[in-house]
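Colleague: with the input below, show me the fold.
(chains A, B, C and D)
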There are 2 protein chains.
Amino acid sequence: MGAAVEDEEQISPASSGKEPRTARGERTLRKILDAARDEFGERGFSESSVVGITQRAGVALGTFYTYFDSKEALFQALVRDMSAQVRDHVAPVLKDSTDALEGERRALESFLQFARAHRDVYRIIDEAEIVDPAAYREHYETTATRIAARLISARGKGEVDSAYSDEELEILAWAIMGANVFLGLRFAVWSSADPKRVADATGKMIRSGLQ
Amino acid sequence: MGAAVEDEEQISPASSGKEPRTARGERTLRKILDAARDEFGERGFSESSVVGITQRAGVALGTFYTYFDSKEALFQALVRDMSAQVRDHVAPVLKDSTDALEGERRALESFLQFARAHRDVYRIIDEAEIVDPAAYREHYETTATRIAARLISARGKGEVDSAYSDEELEILAWAIMGANVFLGLRFAVWSSADPKRVADATGKMIRSGLQ
DNA sequence: ATGAAAGTTGAACCGGGTTTCAACTTGCGA
DNA sequence: TCGCAAGTTGAAACCCGGTTCAACTTTCAT
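Modeller: Prediction:
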């Protein structure tokens, strides 16, 4: 931490050294990002083309390379962006929950709502497993770590059985996250069921399993 | 089911009309399939090339097209094959389990062992979500259906709380399956932990949640 | 108002990968 | 043994999409 590394307060998700320096540039970048979300969401990474993206965005082919080093770099930027979006959507419901397990139930319900409304986001994050494994891993590792931290803190408050060790709660965090992801796939992306019913059933099992 | 559809008793996974008719052909096809498993497992679908696969297999480029219509067709054949492999590996442990929930615990343990030993298989099935969605969906839908059936039957025997409805158990089947998949990713593919410890922790939660 | 920096354009370059095919080899049944 | 069906070969046709770049336009600070 000694060296004075000026990190550009995480402005825009362009490739480094290619950030827009103008209002116009900002707008163009935004258009490209939006178009990319649509294209990647519909066709997947390898079926998508830079030509297709720029056409959707209404800009010329070459413009793409003023903001991104490559198609991969764009995908990477997008994944990190969506990862944050998911977190930001779910975060608030965790704030105002008295009980931690009720918090998890609501988080699932909120995630299901989000997945239903943003299937493309869901798909892009999933595809990152192959296209940008580092981003994928980071997304799920930070998510799991947060869940585990909540469970451990809940155990301190007596809301989770004290018989569970830290190690066990870390494992269970992954189990809960995996359950959420697949429930999202099945009941929000493939077809939509009532988020509340799904979250209630799952919450019931987890609650009586952990309490 | 009235029509007399003679389905070719699921011989070899070649494209239809391209099945080998000779011992030699059978051998060549096998070599291609094995090479493909390695190539797809290591590099992923789009980074893999037919050239690369045939080189690994030690056959000429053109030979590939005597057995498959396209690279996609090969991938598809492979996914269906691996899907069956996973099932066949886990099935036996379900047979000889007195208690249904103990069966699920052992199934997870067995799945983790399999995933650890066959990361490439795990990866190929995962990539099918994008490359061959139909196969992917079928794989998980049949898996979830089986789990749900076991839970419902267990409820009949009093091993699962009779307060759970069919609908709820179907949801929980997806939750359990998702948990298993992510536990496999984290504790078998990314790094390997003791399958028993992982399965025990998860089994403990599920058992007290469902009983 | 002005000119330098930022942004835009799309034709052309480029490499790689899939697929075809006609000539060749192998194996097996008669 | 013979001959034909099955299988093999790899060069070449074909296609496609990523990336570059030099000319051009717009923006904005002075």
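Colleague: what residue is smack in the middle of chain A?
Modeller: The centroid of chain A falls nearest to A:Ser83 when counting by Cα atoms, centre = their mean (2.7 Å).
Colleague: so it is in which element?
Modeller: helix A:71-95 (DSSP states H and E).
Colleague: which parts of chain A sit against DNA strand D?
Modeller: Residues of chain A that fall close to DNA strand D, judged by Cβ under 7 Å from any atom of the strand: A:22-24, A:48-51, A:61-62, A:64-65, A:70-72. Glycine gets a C-beta too; all of them are placed from N, C-alpha and C.
Colleague: of the residues you listed, closest to A:Glu159?
Modeller: A:Glu72 (43.4 Å; Cβ to Cβ).
Colleague: where does chain A dip in pLDDT?
Modeller: A:1-11 (pLDDT under 70).
Colleague: rerun at 80
Modeller: A:1-12, A:209, A:211 (pLDDT under 80).
Colleague: tell me where it has helices.
Modeller: Using DSSP state H, the helices of chain A run over residues A:23-43, A:50-57, A:64-67, A:71-95, A:100-117, A:119-131, A:133-156, A:166-184, A:195-210.
Colleague: out of those helices, nearest to B:Arg30?
Modeller: With respect to B:Arg30, and counting by Cβ to Cβ, the nearest of these is helix A:119-131 at 26.2 Å.
Colleague: got the contact list for that closest one?
Modeller: A:37-38, A:40-42, A:44-45, A:72, A:75, A:78-79, A:82-83, A:85-86, A:114-115, A:135-136, A:139, A:184-185, A:188-189, B:44-45, B:123, B:126-127, B:129-130 (Cβ atoms under 8 Å, 6 or more residues apart in numbering or on different chains).
Colleague: repeat for stretch A:101-118
Modeller: Outside stretch A:101-118, the residues that touch it by Cβ under 8 Å, 6+ apart are A:85-86, A:89-90, A:93-94, A:97, A:121-122, A:147, A:150, A:154, A:159-160, A:176, A:180, A:183-185, A:187-189, A:192, A:195-196, A:198-200, A:202-203, A:206-207, A:210-211.
Colleague: chain center to that stretch, what's the gap?
Modeller: On the basis of Cα atoms, centre = their mean, to the nearest Å, stretch A:101-118 sits 12 Å off its chain's mean C-alpha point.
Colleague: what's the burial count for the closest residue to DNA strand C within chain A?
Modeller: Per Cβ to the nearest atom of the strand, A:Gly62 is where chain A lies closest to DNA strand C, at 1.4 Å. For A:Gly62, the neighbour count with other Cβ atoms under 10 Å in any protein chain shown is 9.
Colleague: residues contacting it?
Modeller: No contacts exist for A:Gly62 under Cβ under 8 Å, 6+ apart.
Colleague: now it: how far from A:Phe40?
Modeller: 20 Å (Cβ to Cβ, to the nearest Å).
Colleague: also A:Glu170?
Modeller: From A:Glu170 to A:Phe40 the distance is 32 Å (Cβ to Cβ).
Colleague: so how far does stretch A:52-65 reach from one end to the other?
Modeller: With Cα to Cα, to the nearest Å applied, stretch A:52-65 spans 14 Å between its terminal residues.
Colleague: buried residues in it?
Modeller: A:Gly52, A:Ile53, A:Thr54, A:Arg56, A:Ala57, A:Val59, A:Thr63, A:Phe64 (16 or more other Cβ atoms under 10 Å in any protein chain shown).
Colleague: would you list those residues in TSV and tack on distance to B:Ser110?
Modeller: Below are the buried residues of stretch A:52-65 laid out as TSV (distance: Cβ to Cβ, whole Å):
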residue	distance to B:Ser110
A:Gly52	44
A:Ile53	44
A:Thr54	49
A:Arg56	46
A:Ala57	49
A:Val59	53
A:Thr63	53
A:Phe64	48
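Colleague: near chain B too, which of the residues you listed?
Modeller: Filtering the buried residues of stretch A:52-65 for proximity to chain B by Cβ under 8 Å from any Cβ of the partner chain leaves nothing.
Colleague: pick out the most distant pair among these.
Modeller: A:Gly52 and A:Thr63 (13.9 Å).
Colleague: which among the contacts of stretch A:101-118 end up buried?
Modeller: Neighbour-count burial (16+ other Cβ under 10 Å) applied to the contacts of stretch A:101-118 gives A:86, A:89-90, A:93-94, A:121-122, A:147, A:150, A:154, A:159-160, A:176, A:180, A:183-185, A:187-189, A:192, A:195, A:198-200, A:202-203, A:206-207, A:210.
Colleague: show me which residues of chain A are close to DNA strand C?
Modeller: A:20-22, A:24-25, A:27-28, A:59-63, A:65-66.
Colleague: same thing but 6 Å
Modeller: Contact residues (Cβ under 6 Å from any atom of the strand) of chain A with DNA strand C: A:Pro20, A:Arg21, A:Thr22, A:Arg24, A:Gly25, A:Thr28, A:Val59, A:Ala60, A:Leu61, A:Gly62, A:Thr63, A:Thr66.
Colleague: the closest residue to A:Arg80 other than its chain neighbours: how many residues sit nearby?
Modeller: With Cβ to Cβ, 6 or more residues apart in numbering or on different chains as the criterion, A:Arg80 has its nearest non-adjacent residue at 5.9 Å, and that residue is A:Ala135. Neighbour count for A:Ala135, taken as other Cβ under 10 Å: 20.
Colleague: A:Ala135 contacts A:Asp81, correct?
Modeller: No: contact criterion Cβ atoms under 8 Å: A:Ala135 and A:Asp81 do not qualify, at 10.2 Å.
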